[in-house]
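K.L.:
I need the structure of the sequence given here:
(one chain, ligands or ions: 1)
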Amino acid sequence: MSLDPQAKQLNDLITPSHPQVLEMLSQRGKAIYFPKLGVLSQSAEANGKEINATIGIALEEDGSPLCLPSLSEAIKLPKANAFTYAPSPGRPDLRKLWKEMIVQKSPGLKSKTFSQPVVCSALTHGLSMAAYLFCDAGDKIILPDLYWENYDLIFNLAYGAELETFPTFTADGKFNVEGLRAKLNQGPRGGKKIVCLNFPNNPSGYTPLVDEAAAIVSVLTQAAEAGDKVVAILDDAYFGLVFEKGVYEESIFAPLCDAHPNLLAVKIDGATKEDYVWGFRVGFMTYGIQGGTPGLYEALEAKTGGAIRGNISNSSHPAQSLLLAAWSSPGYAAEKKRAFDLLKKRYEAVKEILASHPEYSEAFTALPFNSGYFMCIKPVKVDTEVLRKNLLAEYSTGTVNFGGILRVAFSATPTEKLPRLFENIYKAAKGLTA
Ligand SMILES: Cc1ncc(COP(=O)(O)O)c(C=O)c1O
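P.N.:
All right, here's what the predicted structure looks like:
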């Protein structure tokens, strides 16, 4: 792939401090740039002129956005904050605010240097753009074997990367740090190693305990110290939903973003689950590396903006504006607490149901869980798919078979129905083995 001079300029911003980051980028990642010449720059130059016939939207005679009243009357936002394009890397005010918010939510980030978040069209898109920037066909992505199934479509089918899994848990139900280490130690040292971690995890609902998180950070840092060029993709979709003491509550981005110059942390997070706006499609991509310079971060942000521009052009402007308003609203913290408390109540109800029904262990065992939207069970004697189908047919109960384990979304089940949900699973499993 021949390099456009604008891509070369960005690569030249990366090389002086972190030539290793260039090695982490995919061929596409090396070649992409955010176009400063062409339509965007000519449009910027025409800004404020009496006649500006550059921009690709339509305006009313008075210069306001031309829009259909059937839509504008349904939307309370100012027209200019809803109907026009947002910049490809996102609204600057939203990016600034999210950066402040992630520091507030992960105090370990205070006084650390990392990039400005780039807005993407929610986390699926952020993961896809991370694959665009860092994964070539045949690259391996190391991750626990309990992972969100869409990773297959995002990383493997779209970009040809291979998912290289290790068992998520040890026999005694701890996060399998040694499994991660073993995968990192495979193959020659000094090459690119891509890792993808998702905490709280979908499907298991597990977040590492404080000591497990420290061990993960140490294993990744040791690989970087040994010369590997580590790209740590951190899927923080369910960030903040931690329901137990002793569980690591920060984003693991905080300790990783300045762990080592050979370790680039890529935080992918957003409003989807954190703010209960699944259909809004607003997420963020943020970069951190030890010694990261303003030039390095400018280049990574510009490459991400370029990848987004070439992919979806830009993310939903009304959704960005609505979130900006919500995050600045005085009631926001209390509203979030109410939602958190509701999910925590359901989590605690599930724990209580399992504790008060020891007989359930004849039919299924629960995998470790302490956070997020889900928990999983492993049927003891029946096939998971047979059980799932039986639950649908005989018990009017829907669950998900995730490669042999059954995922239960307590986030989506009213608290009063949780006892019946587990009773149904127990009865179905018992019925099938009778
Ligand atoms: C682990 C994980 N990551 C990412 C996503 C995608 O989120 P979004 O809807 O923001 O694309 C999901 C959604 O279910 C998820 O479970």
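K.L.:
Run a quick neighbour tally on residue 338.
P.N.:
Residue 338 has 9 neighbours, counted by other C-beta atoms under 10 Å. Using the backbone N, CA and C atoms, a C-beta is placed for each residue, glycine as well.
K.L.:
Could I get the average pLDDT for the helix or strand where it lies?
P.N.:
Using DSSP states H and E, residue 338 falls within helix 332-356. Per-residue pLDDT over helix 332-356 has a mean of 98.
K.L.:
got a list of contacts for that helix?
P.N.:
240-241, 243, 275-276, 326, 360, 366, 373, 375, 408, 410-411, 413, 415, 418-419, 422 (C-beta atoms under 8 Å, 6 or more residues apart in numbering).
K.L.:
Mark which of those are buried, thanks.
P.N.:
Among the contacts of helix 332-356, the ones that count as buried by 16 or more other C-beta atoms under 10 Å are 240-241, 243, 275, 360, 366, 373, 375, 408, 410-411, 413, 418, 422.
K.L.:
Report the separation between residue 170 and residue 376.
P.N.:
For residue 170, the distance to residue 376 equals 16 Å [C-beta to C-beta, to the nearest Å].
K.L.:
now residue 107
P.N.:
31 Å.
K.L.:
Show me which of the two is the more surrounded one.
P.N.:
In this view residue 107 and residue 376 are compared by other C-beta under 10 Å, and residue 376 has more residues nearby, 25 against 11.
K.L.:
In terms of helix, strand or coil, where does the more buried one fall?
P.N.:
Put simply, residue 376 is strand when judged by DSSP: H, G, I helix; E, B strand; the rest coil.
K.L.:
For it, which residues are in contact?
P.N.:
Contacts of residue 376 by C-beta under 8 Å, 6+ apart are 146, 203-205, 366-367, 369, 402, 405-408.
K.L.:
Any idea how many residues pack against the residue lying closest to residue 280 once chain neighbours are set aside?
P.N.:
Closest residue to residue 280 apart from its sequence neighbours, by C-beta to C-beta, 6 or more residues apart in numbering: residue 319 at 3.9 Å. Counted with other C-beta under 10 Å, the neighbours of residue 319 add up to 21.
K.L.:
Likewise for residue 255?
P.N.:
Neighbours of residue 255 (other C-beta under 10 Å): 23.
K.L.:
I figured it hits residue 217, correct?
P.N.:
Yes: here residue 255 lies in contact with residue 217, judged by C-beta atoms under 8 Å, at a distance of 4.6 Å.
K.L.:
What values do phi and psi take at residue 268?
P.N.:
Torsion angles at residue 268 (phi, psi; degrees, to the nearest 10) stand at phi -120, psi 120.
K.L.:
residues contacting it?
P.N.:
120, 123, 126-127, 130, 233-237, 283-285.
K.L.:
run the last query once more with 6 Å
P.N.:
With contact taken as C-beta atoms under 6 Å, 6 or more residues apart in numbering, residue 268 is in contact with 123, 126-127, 235, 285.
K.L.:
Setting aside sequence neighbours, what's the nearest residue to it?
P.N.:
Nearest to residue 268 is residue 126, by C-beta to C-beta, 6+ apart, at 4.0 Å.
K.L.:
I'd guess that neighbour is in a strand, am I close?
P.N.:
No: Residue 126 sits outside any strand when classified using three-state DSSP, being helix.
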